[in-house]
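> Using only what follows, build the 3D model:
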Amino acid sequence: MMSQPPTAQFSQMGLDGAAACVTKIELRIRCTKLLNKDLTSKSDPIVVVMQQDKAGKWLKVGETENVKDELNPQFTKTVEMNYCFEEVQKLRFIVYDVDSSALDVNSDDFLGQMQCTLGVVVSNTPYQQKLTDMHGKPLKESTITVQAEETGGTKEILMMNMAGVKLDNKDLLGKSDPFLEFHRLANGGSYQLLHKTEVCDNTLNPVWKTFGIPVSTLAAGNNNREILIRCYDYDSDGSHDLIGQFTTTPAELIACCTERGSKVFSCINPKKKEKKKKYIDSGKIELKNCQVVKQYSFLDYVFGGMQLNFSVAIDFTASNGSPNDPKSLHYIDPQQMNEYMMATYAVGNVIQDYDTDKLFPVLGFGARLPPDWHVSHEFAVNFNPNNPFCAGVDGIIQAYQQCITQVRLYGPTNIAPVIRHVIKFGEEAAKTNTANQYFVLLIISDGVITDMGDTMDAIVYASTLPVSIIIIGVGDADFKGMEFLDSDTGPLTAPSGKKAVRDIVQFVPFRKYALSSKASLAKEVLAEVPKQVTDYFKMHNLPPSIQKQDAQVKQ
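Next up is the predicted model:
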């Protein structure tokens, strides 16, 4: 009998699960026109890669091989490391001329260095720069090129559409409620559950929704590995009745994709087959459609040139307190940053690596503006509506500090207008039907949202576009409304009844990280962005653009 269906699951490889923070990558390095430090031959270069830890100490991540007598080396030994989108990972590449069998940085000749972040490398790969001397002065001709590559091999998903035909009825009242389970034969002879479909209610001819299982999960390195598929009649007490089962292999399933034809399997119940001599089967399971598709990662899109366009919206409502009051959330203390500034730095320092021009539009809401002191819920913080862009994170802070002395804090806290501002850009990007642009809006606010209905409508619509929204609540206000927008338990539903097609909002109260580093705040609020990016492009079947070719040397 049917009560509540088991949740349809993807494989343990996490097809649709939360994106893991760490991705394994490798760096390929080459240099050109290095200095020649040897008198009788050419330099023997090696590159040492260092990473700065949280305490500011530089630690060695790895090194290339030592190439003899070469001023234009292409190193074959890669440097492997962990990549984490949410963190600012500072790197230093140091080139030495090694004249001995063991690397001794105190005695080997220094040929140049390059310092950058890993975010810059992956978003501009292949990343090419001039080497500098120990004081940061660019060398005349020497360059270094770093190519980032994600490790782990091809990520292919087997997408299948299956149906049952004339299955046995296991229910006295009504018909069976069938669902499928996929099991992989393990090396020890036992079976490991990989996937469950949803339950189809009260039918002997079910058609299950299209589902996907990673090929690597099915095969586990062997395309001829046995796959056991069981068909059950769902019972609410968990004692599901076996309708029948059959075996196949990943190779057989993939062949169906290649041949683009359907395949019918006889569903056999072992107990019935043993008892009944004339037993044929308990129905059929038809593989109606099958396709192998590539599952693109966040880095696939970054390597293809996808830009993360960063925008900031700042709350200028009166509930923040007078900027002249040291207790105000907008008080500018020359000795330390306020919460608005710290939140901006935390998020901006990470995202700016993925925006080539580093020009960020900065909007304000809830203030009276000069000269007529009208209330605005969408204004350029630099007072230039035709060009609201600020140069880098420092430019955002400077514009904010100047703005706070020129406006009058007012209200209410309406954030729908700034969301719709970014929606316009998302709409234009969506029209191109490419995976080149994605927009991230950071909203920093201190209080209760007063246009909740309009905000929900805007967010639900934005979920159909290449847009993500980060909300950071500053101060000690009640943020239940903002937490509601971060709909982790289910899709956000607008007053109109429309539901968000994906989760695009991440809310974090600043006070949770008041005693922690800005890096901890950034890690929390940015953790879901890579998955939000890939979910959008996957939803619209948009592959990454072709990976960029070698760039010109950056001066």
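> Show me the shaky parts of this structure.
Along the chain, segments meeting pLDDT under 70 span 1-21, 100-108, 153-154, 259-261, 547-555.
> Regarding it, what is its longest strand?
strand 138-150 (DSSP state E).
> Report the spatially closest residue to residue 280, excluding sequence-adjacent ones.
Excluding the flanking residues, the one nearest residue 280 by Cβ to Cβ, 6 or more residues apart in numbering is residue 266, at 7.6 Å. From N, CA and C alone the C-beta is placed, and that goes for glycine too.
> Quick check: the one you found touching residue 247?
No - assessed by Cβ atoms under 8 Å, residue 266 is found out of contact with residue 247, at 10.9 Å.
> re the thing from before, I'd like the distance from the longest strand of the chain to the chain centre, please.
27 Å (Cα atoms, centre = their mean, to the nearest Å).
> please begin residue numbering at 5 from this point
Got it, the first residue is 5 from now on, which makes the last one we talked about strand 142-154.
> Quick check, residue 509 in contact with residue 475.
Yes - with contact defined as Cβ under 8 Å, residue 509 reaches residue 475; the gap is 6.6 Å.
> bridging residues for residue 96?
residue 54, residue 119 (DSSP bridges).
> can you check residue 378 too?
Residue 378 has these beta-bridge partners by DSSP bridges: residue 373.
> correct me, but it touches residue 372?
Yes - if you go by Cβ under 8 Å, residue 378 and residue 372 touch, sitting 6.6 Å apart.
> Now residue 226. Nearest residue, chain neighbours left out?
That would be residue 254: by Cβ to Cβ, 6+ apart, it lies 8.0 Å from residue 226.
> returning to that earlier point: residue 378 and residue 372: which has the busier surroundings?
Higher neighbour count among residue 378 and residue 372: residue 372, with 16 against 11, using other Cβ atoms under 10 Å.
> and the more buried one, what does it touch?
Counting by Cβ atoms under 8 Å, 6 or more residues apart in numbering, residue 372 touches 378, 379, 380, 411, 412, 413, 414.
> Closest one of those residues to residue 287?
Comparing these against residue 287 with Cβ to Cβ places residue 380 closest, at 65.7 Å.
> Can you mark which positions in the lengthiest helix in the chain are buried?
In the chain, taking DSSP state H as the definition, the longest helix is helix 420-435. Judged by neighbour count using 16 or more other Cβ atoms under 10 Å, the buried positions of helix 420-435 are 420, 421, 422, 423, 424, 425, 426, 427, 429, 430, 433, 434.
> Which other helices and strands does the helix or strand following the longest strand of the chain contact?
Toward the C-terminus, strand 142-154 is succeeded by strand 160-169 as the next helix or strand (DSSP states H and E). Counting contacts by 3 or more Cβ pairs under 8 Å, 6 or more residues apart in numbering; DSSP states H and E, strand 160-169 is packed against strand 215-218, helix 219-223, helix 254-263, strand 288-298.
> angle of strand 160-169 against helix 254-263?
90 degrees (axes from the mean of the first three to the mean of the last three Cα atoms, to 10 degrees).
> Could you point out the helix or strand that follows strand 160-169?
Downstream of strand 160-169 (by DSSP H and E), the next one is strand 182-189.
> got the contact list for that following strand?
With Cβ under 8 Å, 6+ apart as the criterion, strand 182-189 contacts 9-10, 166, 168, 171, 195-204, 207-208, 210, 212, 217, 221-222, 224, 229-238, 247, 289.
> so which helix or strand takes in residue 268?
With DSSP H and E as the criterion, residue 268 is inside strand 267-270.
> Kindly tell me how buried residue 501 is, as a neighbour count.
So residue 501, with other Cβ under 10 Å, has 7 neighbours.
> go on, residue 303?
By other Cβ under 10 Å, the burial measure for residue 303, its neighbour count, is 22.
> ok, back up a step: the strand holding residue 268 packs against which elements?
strand 245-252, strand 288-298.
> Flag every buried residue along it.
Those would be 267, 269, for strand 267-270 by 16+ other Cβ under 10 Å.
> now stretch 141-156
142, 143, 146, 147, 148, 149, 150, 151, 152, 154.
> Now do stretch 404-415: distance to the chain's middle.
34 Å.
> Endpoints of that stretch, how far apart?
18 Å (Cα to Cα, to the nearest Å).
> For the stretch 305-454 of the chain, which segments count as helices?
Per DSSP state H, counting those that start in this stretch, the stretch 305-454 of the chain carries helices over the ranges 343-355, 396-407, 420-435.
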